[in-house]
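[1] coordinates for the following, if possible.
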Amino acid sequence: MVNGRRATKGQRLKQGDRVIFQGARHWLFDSPVAGVNGRVTTVYEDAEIIAVDKPAGIPTHGFSARDVDTLANFLVARWPELSCVGRSRWEPGLLNRLDTETSGLVLVAKNQPAFDNLREQFRRRRVNKKYIALVWGEAAPSGSISLALVHDPTDKSRMQVINESGSNRPRLRSWHARTSFRKLASSNEMSLLEVEMQTGVTHQIRVHLAATGHAIVGDTRYGLVNYSTDLERHFLHASRLEFAHPASGKSIALDSPLPSELRSFLERMKIVD
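    Sure thing, here's the model as predicted:
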C-alpha cells in the first residue's frame, strides 16, 4: 500500500510517500525459509556431502521466499549451514536439480570447497547420472540421442529440439545435449529404459525421448495427449549417481530404488513380475 491506498500497476513513488508491505514476513527473506518435509530421505551423509532421495511432487528449489514446500526448504531446516554454500542463495549446496515430478537422488555439498570440486566434476562430465524411465512404444534395445536443445520461444518454461534447418540458431541460444539408453523390459506398448545423461540440460531426457517417438509415460508437458494412465506423475526416476569424493577422491556410487508407486505401476502393466 502507498499512503494507505492499494498501489496500482505502474504507480510511481515520489518523495514523502509511505509504503506499507502487506504479506507474510518471510516473503521478504533473501534465502529459503526453513521447512521440515518428512517425505525426504537422507541416503548418504559425511563431513563433505549429503545425498537425499527427493520424492515426486516437490520442486528442488524455489526462486523467492514465497516458495516454502521445496527440497531447499528442507535442506536449510536440517542443515542451516548450507545457506552459505553454492552459487545461489535459493539453491543451498545443491549440485543437481530434478523436475518437480521426477524422483530420486540429489547431491548436496556441505561446504564451498566440496561444492566447487563437485561442480567441476559435473562440468567436466565426470559424474555418472542414471535414470529409470518408462516410455510409450517399443524402443530399440539401446541407442544414443544427440540433439541440441533451445528454450521454446513461445514458452520459456519448455525446451525443444533445435530446428535442424538452423533457422532459429541466430536468435536462440542452444545447448548441446546427449542421452543414451538401453531397454530393460517392454510390454503393453511401453518400454522400460535405463537412461544415462552425458550432459545436463533442462528437461533433456523428457525432450530427447519425446523427440524420438518415445515420450515418457505420464508426462503431460512433452507426452502424448491421447494416452492416459492412472499414474499421477511422470515415470522418471534418478536412480544412480557415481562421482569422486571431493575430499578423498574415492569413487562413490549411490543408488535409489524405484518408489513404490512406480514399482506397482510396472507390476499392474505386467512389465515386471
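[2] let me see the domain layout of this structure.
    Under the assignment automatic domain parsing, the domains of the chain span 25-124, 128-273.
[3] any idea which of the ones you listed scores lowest on pLDDT?
    Note on the domains of the chain: lowest mean pLDDT is at domain 25-124, with a mean of 86.
[4] could you dump the domains of the chain into JSON lines and include mean neighbour count and distance to Asp17?
    For every residue, glycine as well, the C-beta is placed using N, CA and C. As requested, the domains of the chain are arranged in JSON lines below (neighbours: other C-beta atoms under 10 Å; distance: least, C-beta to C-beta, whole Å):
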{"stretch": "domain 25-124", "mean neighbour count": "18", "distance to Asp17": "19"}
{"stretch": "domain 128-273", "mean neighbour count": "17", "distance to Asp17": "34"}
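[5] among these, which comes closest to Arg18?
    Arg18 sits nearest to domain 25-124 of all the domains of the chain, at 17.1 Å, using C-beta to C-beta.
[6] and the gap between His151 and Leu209?
    Relative to Leu209, His151 is positioned 19 Å away (criterion: C-beta to C-beta, to the nearest Å).
[7] show me where the stretch 151-273 of the chain has helices.
    204-211, 260-268 (DSSP state H, counting those that start in this stretch).
[8] circling back: turn the domains of the chain into CSV, including distance to Gly16.
    Shown next, in CSV, are those (distance: least, C-beta to C-beta, whole Å):
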stretch, distance to Gly16
domain 25-124, 23
domain 128-273, 39
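[9] of all the ones you listed, which lies closest to Leu13?
    Nearest to Leu13, of all the domains of the chain, is domain 25-124, at 17.6 Å by C-beta to C-beta.
[10] centre of the chain to that closest one, how far?
    Centre-to-centre, domain 25-124 and its host chain are 11 Å apart (C-alpha atoms, centre = their mean, to the nearest Å).
[11] what of stretch 222-240?
    Distance, centroid of stretch 222-240 to centroid of chain: 15 Å (C-alpha atoms, centre = their mean).
[12] ok, now stretch 135-154?
    Chain-centre distance of stretch 135-154: 17 Å, with C-alpha atoms, centre = their mean.
[13] what's near enough to touch Gly16?
    With contacts defined as C-beta atoms under 8 Å, 6 or more residues apart in numbering, Gly16 has no neighbours.
[14] am I right that it is in a helix?
    No. Looking at Gly16 with DSSP: H, G, I helix; E, B strand; the rest coil, it is coil, so not inside a helix.
[15] does His203 touch Met159 like I think?
    Yes. At 4.5 Å, His203 and Met159 qualify as touching, with contact defined as C-beta atoms under 8 Å.
[16] and Gly218, what does it touch?
    Contact criterion C-beta under 8 Å, 6+ apart gives 101, 229, 231-235 as the residues in contact with Gly218.
[17] list the contacts for Lys54?
    By C-beta under 8 Å, 6+ apart, the contact list for Lys54 reads 40, 60, 71, 98, 102-106, 238.
[18] closest to Asp255 out of those residues?
    Nearest to Asp255 among those: Leu105, at 8.0 Å, using C-beta to C-beta.
[19] contacting residues around the closest one?
    Taking C-beta under 8 Å, 6+ apart as the contact definition, Leu105 lies against 43, 51-54, 238-241, 254-256.
[20] ok, now with 6 Å
    By C-beta atoms under 6 Å, 6 or more residues apart in numbering, Leu105 lies in contact with 51, 238, 241, 254, 256.
[21] pretty sure the third one contacts Leu254?
    Yes. Checked against C-beta atoms under 6 Å, the pair Leu241 and Leu254 is within contact range at 4.9 Å.
[22] in the protein, which spans are strands?
    Here the chain has its strands, by DSSP state E, at 41-45, 49-54, 103-109, 128-136, 142-146, 149-152, 155-161, 174-175, 178-187, 190-197, 236-244, 251-255.
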